[in-house]
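just coords:
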């Protein structure tokens, strides 16, 4: 890390511990862009684990920052509803996008069940050799001794290929999926944000494209891709346009942003912790454990939102009916009362899958095994080819308090085996 980034982090620490705690706003996207949110979460966990922020452009919200409190909220869908949205942002009344992650039972359950076969163990077994062949080609095409952007050349490329396969999306146009995902989740500080009118126009472009695919699939025999599953599913075949778009964006963002950002994070984390990189090279059987540790360390979706359906007492605070509640997975994954030495990156932890990154309860990430599969395969292929991959500069982080990720990560590969 450069001296400048150390100074920024030191300034953030001093500010986080000196400002009035009532003023702490951990939903500020710029904290995530500068990677300076950590001391704010540390203070909230210590002094106000259930914290109310009254001043925000999207209205007041509660921050839940400790592991067990997050679990309590996440597993109680009767009191903490997903209806209406999963991020702090409030959708405009004329642009609401229903999606099954933002629904309560029973509708949530039947829609989720419609698409879950695509990530069944049998289908993952079918996908693994396809993912491996693509990962091998991506890595074989990388130049030696020349700086490249790992995010674009590897992370985005592999995950977008996988997503195109899941949708049976025209392969040569697969980067549209990345663009739609980035535009859908962009904060006002993002280079992908060009105003709400542009965002809406881009989302309508997305649903129009997918409607053509729907019309092709609905008139053909059912197949094992997501569009065919939605078109033929009893619970989904009568969705209106906005609900179709909502579920598409859920599947695109869930299948794209999270895995690609964890692939990038794995390179960064191993460079920041060379002892762990050496450990991995010496023992590739640690790859599955390293994958889980990276998913915890990165936490690719920083928060999920719920709405209280009744007054509820949580860790000494009374959350009122109608209040917005943010579960900060990124903070819960650093809770030292539950996870030993949580700020350290340790690829052979005793319980590496003990993390909140996939959520819990009925909304636990439907594609979690597919994410782990892609990360495992890319690293099995990396270790066959490259003695080292070196990060050559600061990553450019996404300006978002929801998607915790990377826009660019400069690396050099010095040599091949």
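Thanks, I have it. This is a predicted model, so every value here is computed, not measured.

And the pLDDT for residue 338?
The score at residue 338 is 97. That number is its pLDDT.

Contacts for stretch 404-413, please.
32, 142-152, 155, 191, 257, 260-261, 264-265, 267-268, 298-302, 330, 386, 388-393, 395-398 (Cβ atoms under 8 Å, 6 or more residues apart in numbering). (Each C-beta comes from the backbone N, C-alpha and C, glycine too.)

Can you tell me which of those are buried?
32, 142, 148-152, 155, 257, 260-261, 264-265, 267-268, 298-302, 330, 386, 389, 391, 395, 397-398 (16 or more other Cβ atoms under 10 Å).

hmm, back to that, of the contacts of stretch 404-413, which belong to strands?
Among the contacts of stretch 404-413, DSSP state E puts 148, 149, 390, 391, 396, 397 in strands.

give me the element residue 176 is part of.
Assigned by DSSP states H and E, residue 176 belongs to helix 175-185.

Could you grab the helix/strand/coil label for residue 187?
Following DSSP: H, G, I helix; E, B strand; the rest coil, we place residue 187 in the coil state.

Revised request: answer the last question for residue 137.
Reduced to three states by three-state DSSP, residue 137 is helix.

repeat for residue 344
Following three-state DSSP, the label given to residue 344 is coil.

Residue 276 versus that one, what's the distance?
Per Cβ to Cβ, to the nearest Å, residue 344 is found 9 Å from residue 276.

the more surrounded of the two?
Taking other Cβ atoms under 10 Å, residue 344 and residue 276 do not tie; residue 276 has more neighbours (20 against 12).

Confirm that that one sits in a strand.
No - counting by three-state DSSP, residue 276 is not part of a strand but helix.

What helix or strand is the nearest residue to it once chain neighbours are set aside located in?
Once flanking residues are discounted, residue 276 sits nearest to residue 347: 4.9 Å by Cβ to Cβ, 6 or more residues apart in numbering. Assigning secondary structure by DSSP H and E places residue 347 outside every helix and strand.

Spatially, which residue comes closest to residue 61, not counting chain neighbours?
Spatial nearest neighbour of residue 61, excluding adjacent residues (Cβ to Cβ, 6+ apart): residue 324 at 4.4 Å.

how many neighbours does the one you found have?
21.

so it makes contact with residue 88?
Yes - applying Cβ atoms under 8 Å, one finds residue 324 in contact with residue 88, separated by 7.3 Å.

residues shared between the contacts of these two?
Common neighbours of residue 324 and residue 88 (Cβ under 8 Å, 6+ apart) are 58, 61, 305.

which helix of this protein spans the most residues?
Longest helix in the chain by number of residues (criterion: DSSP state H): helix 241-272.

Could you check the angle it makes with helix 175-185?
Between helix 241-272 and helix 175-185, the angle comes out at 90 degrees (axes from the mean of the first three to the mean of the last three Cα atoms, to 10 degrees).

List the buried residues for helix 241-272?
For helix 241-272, burial by neighbour count (16+ other Cβ under 10 Å) applies to 242-271.

again, but for stretch 156-172
Neighbour-count burial for stretch 156-172 flags 156-169 (criterion: 16+ other Cβ under 10 Å).

How about stretch 60-70?
61, 62, 63, 64, 65, 66, 67, 69, 70.

Test my guess that the fourth one contacts residue 71.
Read that as residue 64. No - if you go by Cβ under 8 Å, residue 64 and residue 71 don't touch, sitting 9.7 Å apart.

And the strands in this protein?
Along the chain, counting by DSSP E, strands occupy 50-53, 61-64, 80-81, 148-149, 303-308, 312-314, 317-319, 324-328, 390-391, 396-397, 406-408, 410-412.

Can you add mean pLDDT and distance to residue 358 and give those strands back as TSV?
Formatted as TSV, the strands of the chain follow (pLDDT from 0 to 100; distance: least, Cβ to Cβ, whole Å):
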stretch	mean pLDDT	distance to residue 358
strand 50-53	96	22
strand 61-64	97	17
strand 80-81	92	17
strand 148-149	98	27
strand 303-308	93	11
strand 312-314	98	22
strand 317-319	98	24
strand 324-328	97	12
strand 390-391	98	26
strand 396-397	97	21
strand 406-408	96	20
strand 410-412	98	27
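
got those strands as JSON lines, with distance to residue 219 columns?
Below are the strands of the chain laid out as JSON lines (distance: least, Cβ to Cβ, whole Å):
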{"stretch": "strand 50-53", "distance to residue 219": "50"}
{"stretch": "strand 61-64", "distance to residue 219": "45"}
{"stretch": "strand 80-81", "distance to residue 219": "37"}
{"stretch": "strand 148-149", "distance to residue 219": "41"}
{"stretch": "strand 303-308", "distance to residue 219": "37"}
{"stretch": "strand 312-314", "distance to residue 219": "48"}
{"stretch": "strand 317-319", "distance to residue 219": "48"}
{"stretch": "strand 324-328", "distance to residue 219": "42"}
{"stretch": "strand 390-391", "distance to residue 219": "49"}
{"stretch": "strand 396-397", "distance to residue 219": "44"}
{"stretch": "strand 406-408", "distance to residue 219": "40"}
{"stretch": "strand 410-412", "distance to residue 219": "46"}
